[in-house]
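A.B. asks: Using only what follows, build the 3D model:
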Amino acid sequence: MISISIISPVYKAEECIHELYNRLVSNAEKITNDFEIILVEDGGQDNSWNLIKEISKKDPRVKGIKLSRNFGVHHAITAGIDSASGDWTFVIECDLQSPPEKMIDLYEKAIEGYDVVIAKFVKRADSLFRRICSNIFWKLMSFLSGMRLNPQYGVYRIMSRKIVEEFRLFSEQERHFKAIIEWIGVNYTTIEMNREKRFAGKSAFTFSKLINATFSYIVAYSSKPLMVFTWVGLLSSLGAFIISIIIFVSKIFYETDWPTGWASLILSIYFIGGLIITNLGIIGYYVGRNYDESKKRPLYFISEKTFVD
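C.D. replies: The predicted model follows:
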C-alpha cells in the first residue's frame, strides 16, 4: 500500500487547526489509509501547539513538532521533511488558502511519472499589493538566480521519496523550499487551481519581511550583484579614462580652455564614493552570509514532539 506524509508548517493558526486537520484527513483517506500528518509549530506563541497535542492524542496519525522558537516557514518545512516517512510527501500551508481537496489531483498526476507536482495558482485571493510584490520578487529572483521561479507556483505540492531524500542533503541556513527544489532539477509538472481566502487569522506577510527576504535569497542563490557592480566599476573607470584622454588632447592640440568648478568635482566624488560604498556593502553582505554558514549551526531545534522516532 502507498503511504503518504502531509507536512504543514503552523504559525499563529489556532483558529485553523481543527479545520485543517479535518480536511487533510478527509482528503488523505481518498488516496490511502496509510498516511501521517506532520504539523510543525513554528514558535507562534499562541494556542496552536496545545491544539496539535490534543488532536495527536485522539489520532496517532497526527505527529506534532514544536520548534524552540520562530525559525521561519522554510525551516519548519525542513523539520517536517526530516520526519516524513511516506512514499509521497505533500507540503501545504496551514491557512487553507491552498485547498486540501486538490490533494487527490496532485497525487494522480504524480503517479503518471513525475517526481514533483506543483500547485499553479491561476487566481489568487490575496490583496493587489501582495500580488504585485510577489510577482516582482519572483521575477527578480528568477533573473538573478537563473532558475525558473514562477510566481504562480505555490509551496503546495507533492514530492516523491527520491526528492525528499535529495532535499535532506541541503544544509545551508539560508534556505528557500521552492528554490531548493528547483535547483535540484526535478521532473515536475503543475496542476492549476485557485488560491482561496485565508480560513481565519491574518497573514504574517509584511513589506519589510519581503525586503529582507529579497536580499537574503539573492545572496543565497546568485552572485550576479557582484558581477553587476564589477561591470559598473569597470565602465566608470573606462569612461573616466576616455574623458581624461579627450580633455588632454583638446588641451594640448586645440588649446581648449576647460572650465573648472567645485560642482562637477563634488558630484564626481559623491558618485564614485557611492559606488564604492555600495559595492563594499554588497561584498560585506556576502562575506557575512558565508561567515554564518561556516558556523555549521543546526537548522532548527525541537523543544517538544508528540511522537517517538
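A.B. asks: In a strand, Arg148, correct?
C.D. replies: No. With DSSP: H, G, I helix; E, B strand; the rest coil as the criterion, Arg148 is coil rather than part of a strand.
A.B. asks: Give me the pLDDT for it.
C.D. replies: At Arg148, the pLDDT value in this model is 72.
A.B. asks: and Gly154, that one's in a helix?
C.D. replies: No. Applying three-state DSSP, one finds Gly154 to be strand, outside a helix.
A.B. asks: Help me confirm that it comes into contact with Ile118.
C.D. replies: Yes. Here Gly154 reaches Ile118: they are 6.9 Å apart, a contact under CB atoms under 8 Å. Yep, even glycine has a C-beta here, placed from its N, CA and C like the rest.
A.B. asks: between these two, who's got more neighbours?
C.D. replies: Comparing Gly154 with Ile118 by neighbour count (other CB atoms under 10 Å), the higher total belongs to Ile118, at 25 against 21.
A.B. asks: what's the model's confidence in the helix or strand harbouring the more buried one, averaged?
C.D. replies: Using DSSP states H and E, Ile118 falls within strand 116-124. Throughout strand 116-124, pLDDT has a mean value of 89.
A.B. asks: likewise stretch 82-97?
C.D. replies: 95.
A.B. asks: Could you pull up phi and psi at Leu299?
C.D. replies: Main-chain torsions, Leu299, degrees, to the nearest 10: phi -70, psi -30.
A.B. asks: so how far is Cys94 from it?
C.D. replies: As judged by CB to CB, to the nearest Å, Leu299 and Cys94 stand 20 Å apart.
A.B. asks: Looking at these two, which has the bigger crowd around it?
C.D. replies: Set Leu299 next to Cys94 and count neighbours by other CB under 10 Å: Cys94 wins out with 28 against 15.
A.B. asks: contacting residues around the more buried one?
C.D. replies: By CB atoms under 8 Å, 6 or more residues apart in numbering, Cys94 lies in contact with 8-11, 13, 16-17, 20, 39.
A.B. asks: Can you flag which of the residues you listed belong to strands?
C.D. replies: In strands, defined here by DSSP state E, the members of the contacts of Cys94 are 8-10, 39.
A.B. asks: Which residues are in contact with the closest residue to Val116 other than its chain neighbours?
C.D. replies: Of all residues not flanking Val116 in the chain, Tyr188 sits nearest, at 3.9 Å (CB to CB, 6 or more residues apart in numbering). Residues in contact with Tyr188 (CB under 8 Å, 6+ apart) are 114-118.
A.B. asks: before we move on, what about Glu36?
C.D. replies: 3-6, 61-63, 84-86.
A.B. asks: before we move on, the earlier item: dump the contacts of Tyr188 into CSV; add distance to Ile158 as well.
C.D. replies: Listed next are those as CSV, based on distance: CB to CB, whole Å:
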residue, distance to Ile158
Tyr114, 9
Asp115, 9
Val116, 7
Val117, 5
Ile118, 9
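A.B. asks: Most widely separated two among the residues you listed?
C.D. replies: Largest separation among the contacts of Tyr188 by CB to CB: Asp115 and Ile118, giving 10.9 Å.
A.B. asks: export stretch 296-309 as PDB, just CAs?
C.D. replies: C-alpha atoms of stretch 296-309 as PDB (Å, rounded to 0.1, in the frame of the first residue of the first chain):
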ATOM      1  CA  LYS A 296      27.500  25.000  10.700                       C
ATOM      2  CA  ARG A 297      24.800  25.600  13.200                       C
ATOM      3  CA  PRO A 298      21.800  23.200  13.300                       C
ATOM      4  CA  LEU A 299      18.900  24.300  11.000                       C
ATOM      5  CA  TYR A 300      16.400  24.200  13.900                       C
ATOM      6  CA  PHE A 301      15.800  22.900  17.400                       C
ATOM      7  CA  ILE A 302      12.800  21.000  18.500                       C
ATOM      8  CA  SER A 303      11.500  21.700  22.000                       C
ATOM      9  CA  GLU A 304       8.700  19.100  22.100                       C
ATOM     10  CA  LYS A 305       7.200  16.300  20.000                       C
ATOM     11  CA  THR A 306       4.100  14.200  20.200                       C
ATOM     12  CA  PHE A 307       5.800  11.100  18.900                       C
ATOM     13  CA  VAL A 308       8.900   9.000  19.400                       C
ATOM     14  CA  ASP A 309      11.200   8.500  16.400                       C
END
